[in-house]
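1. The sequence isn't on hand, but the structure is:
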């Protein structure tokens, strides 16, 4: 096995160690995977020659410089942006160097990610069976060092060994996009992956019973169908799809846990709730952080409160709540809310523009390729994290953003070569 292959398996596999924490207090939770990332950087630099794009490096430098000085512009703490940029650097550079060792071949890296997704999906199915037979060692892996404090066996919600079911859903979404395309033979992918493996990933995603998973699947189906078929030429197909999506949405809404969260969220934002203790904690955190963002934006709409300083806004504007849960206030419960709060409206909308700018559409009429498939799977993940998870580095977000950008660049090169023929 080649050195680069071993390195890729170790790095991508380490994304599954996201909830193994070490007792180091350096201003943020220190995860075991950070040690792997830190050691990987010099090893990659010694083993492989770095071929970097100068324009990309200049762009990253300018964006980083802006994020670093946002606290100075808003009058808050520089330590927050410095610490956050350091963490992003640690979690991004190893994956960039890994991609460099593969000559920026996103497909090869995605194959390894698919294998990691299949592994934790198999474990999740074992976990579900262990719930049924009440076999604790088969569903609670905290004895192996994983933080599974949000495990809830009576609900039968699988999460593998991750911190909570929604975390597993986030990790599996790009794989689920691939699995749906492959399982239903929407087109012939060059990536070899058994249909039974696709089925295992999809079942595990559904068993998370996560709203993120269900909304993500709806988006996947929507994108695949609208990219594959021309509904302007076939209005009857558009009518059928519309009816199908309506009934599917109604079915998902009637899942008890999903219904509870949606109803509570709607009631909170419509002002119908007066006792915040009466709603589920997840919906309350979304509402609470949205109110923090609204109040912080009124004060600093252009540059925000400073990159890495959401906790400052939270301490000033959040509504108090008494609970014994782990609070998610440092990440704002949403990547979009956190970006608006910390960096201001212009930068947040600039990030949104980049997300849609780098999304691949059909390469040729009626024809797809693996670059499109990987790119759109990550696109769904980014949308879900913009809505619901605000942490900049957990669950491999830097890795997926790098893959997202590489598929766009690789497709541009292929289009250029096609035009020259």
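-> Nice, I can see it. Everything numeric in this text was worked out from a predicted model, so none of it was measured. Numbers count the residues shown, from 1 in each chain.
2. My guess is residue 331 contacts residue 390. True?
-> Yes - between residue 331 and residue 390 there is a contact under Cβ atoms under 8 Å: 3.5 Å. C-betas here are computed from N, CA, C, even on glycine.
3. Give the burial count for residue 301, as a bare number.
-> Neighbours of residue 301 under the rule other Cβ atoms under 10 Å: 12.
4. for it, helix, strand, or coil?
-> coil (DSSP: H, G, I helix; E, B strand; the rest coil).
5. so what's it up against?
-> By Cβ atoms under 8 Å, 6 or more residues apart in numbering, residue 301 lies in contact with 344, 345.
6. now with 6 Å?
-> residue 345 (Cβ atoms under 6 Å, 6 or more residues apart in numbering).
7. where's it relative to residue 336, distance?
-> According to Cβ to Cβ, to the nearest Å, residue 301 and residue 336 sit 15 Å apart.
8. Then residue 138?
-> Applying Cβ to Cβ to residue 138 and residue 336 gives a distance of 38 Å.
9. out of those two, which sits in the more crowded spot?
-> residue 336 (19 against 16).
10. Quick check: that one is in a helix.
-> Yes - judged by three-state DSSP, residue 336 forms part of a helix.
11. The closest residue to it other than its chain neighbours: which element?
-> Nearest non-adjacent residue to residue 336, counting by Cβ to Cβ, 6 or more residues apart in numbering: residue 386, 4.4 Å away. Here residue 386, judged by DSSP states H and E, is contained in helix 370-388.
12. and residue 163, what does it touch?
-> Neighbours of residue 163 in contact, by Cβ under 6 Å, 6+ apart: 19, 147.
13. Let's verify it: helix, strand, or coil?
-> Under the three-state scheme (three-state DSSP), residue 163 adopts coil.
14. count of neighbours near residue 382?
-> 22.
15. What separation is there between the closest residue in space to it that isn't next to it in sequence and residue 339?
-> The spatially closest residue to residue 382, leaving aside those adjacent along the chain, is residue 355, at 5.6 Å (Cβ to Cβ, 6+ apart). Distance, residue 355 to residue 339, by Cβ to Cβ: 11 Å.
16. swap in residue 270?
-> Residue 270 sits 25 Å away from residue 339, going by Cβ to Cβ.
17. So the two - more neighbours on which side?
-> A count of neighbours by other Cβ under 10 Å puts residue 339 above the other of residue 270 and residue 339, at 25 against 8.
18. Quick check, pLDDT for the closest residue to that one other than its chain neighbours.
-> Computed as Cβ to Cβ, 6+ apart, the closest residue to residue 339 that is not its neighbour in sequence is residue 348, at 4.1 Å. Predicted confidence (pLDDT) for residue 348: 95.
19. try residue 155
-> pLDDT, residue 155: 86.
20. Could you do residue 405 as well?
-> Looking at residue 405, the pLDDT reads 95.
21. what's the closest non-adjacent residue to it?
-> Spatial nearest neighbour of residue 405, chain neighbours left out: residue 358 (5.9 Å); criterion: Cβ to Cβ, 6+ apart.
22. Just give the number of residues close to the one you found.
-> Look at residue 358: counted by other Cβ under 10 Å, it has 20 neighbours.
23. Is it correct that it is in contact with residue 408?
-> Yes - under the criterion of Cβ atoms under 6 Å, residue 358 makes contact with residue 408 at 4.2 Å.
24. now do the same end-to-end measure for stretch 146-159.
-> Stretch 146-159 has its terminal residues 12 Å apart, counting by Cα to Cα, to the nearest Å.
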